[in-house]
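Peer 1: Dropping the sequence and predicted coords here.
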Amino acid sequence: MRNVLAFLAAATLTVLGVGWYLGWYRVSNVPADEGKKKVNIEFNTTRIGDDLHKGGQKVRQLIENSRKGRAEDRATGGSEASEKPARDPKPSATGEPESVPPNDQFNRLPPQSKRPFSQ
């Protein structure tokens, strides 16, 4: 339950922050009678609609581009997967994996500092 409430709070704060940054609303204080304050909130609905429409178009375009990319990969037989070199299952002659370079700092230590692992 706490996770849901935390998610809702984070989503609300995100929408409020993005909306303020994009100019979706404006908050103003106006002095009222007898020392009271009046708070006005103005929503720019045309701007909200335009921004949501632009965002929807971008999402549709990203989805369409990813679908085209997948279709091209299927048509070419997955060229990305075939371009990757196959991993050699055998270890190197020294017994170390080839993807891990030797540690230069360890090699520079004096011999008395190098202690073997005790088992």
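Peer 2: Yep, it's here. Please read these numbers as outputs of a predicted model, since none were measured by experiment. Residues are numbered from 1 along each chain as shown.
Peer 1: In contact with Trp24, which residues?
Peer 2: Phe43, Asn44, Arg47, Ile48, Asp51 (C-beta atoms under 8 Å, 6 or more residues apart in numbering). Bear in mind the C-beta positions are built from the backbone N, C-alpha and C, glycine included.
Peer 1: Would you mind giving those as TSV with distance to Gln61, secondary structure and neighbour count added?
Peer 2: Listed next are these as TSV, based on distance: C-beta to C-beta, whole Å; DSSP: H, G, I helix; E, B strand; the rest coil; neighbours: other C-beta atoms under 10 Å:
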residue	distance to Gln61	secondary structure	neighbour count
Phe43	28	strand	11
Asn44	25	coil	15
Arg47	21	helix	14
Ile48	21	helix	15
Asp51	16	helix	16
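Peer 1: tell me which element the nearest residue in space to Lys37 that is not next to it in sequence falls in.
Peer 2: Using C-beta to C-beta, 6 or more residues apart in numbering and skipping residues adjacent in sequence, the residue nearest Lys37 is Asn29, 5.5 Å away. Taking DSSP states H and E as the criterion, Asn29 maps to strand 25-31.
Peer 1: I appreciate the help and will end here.
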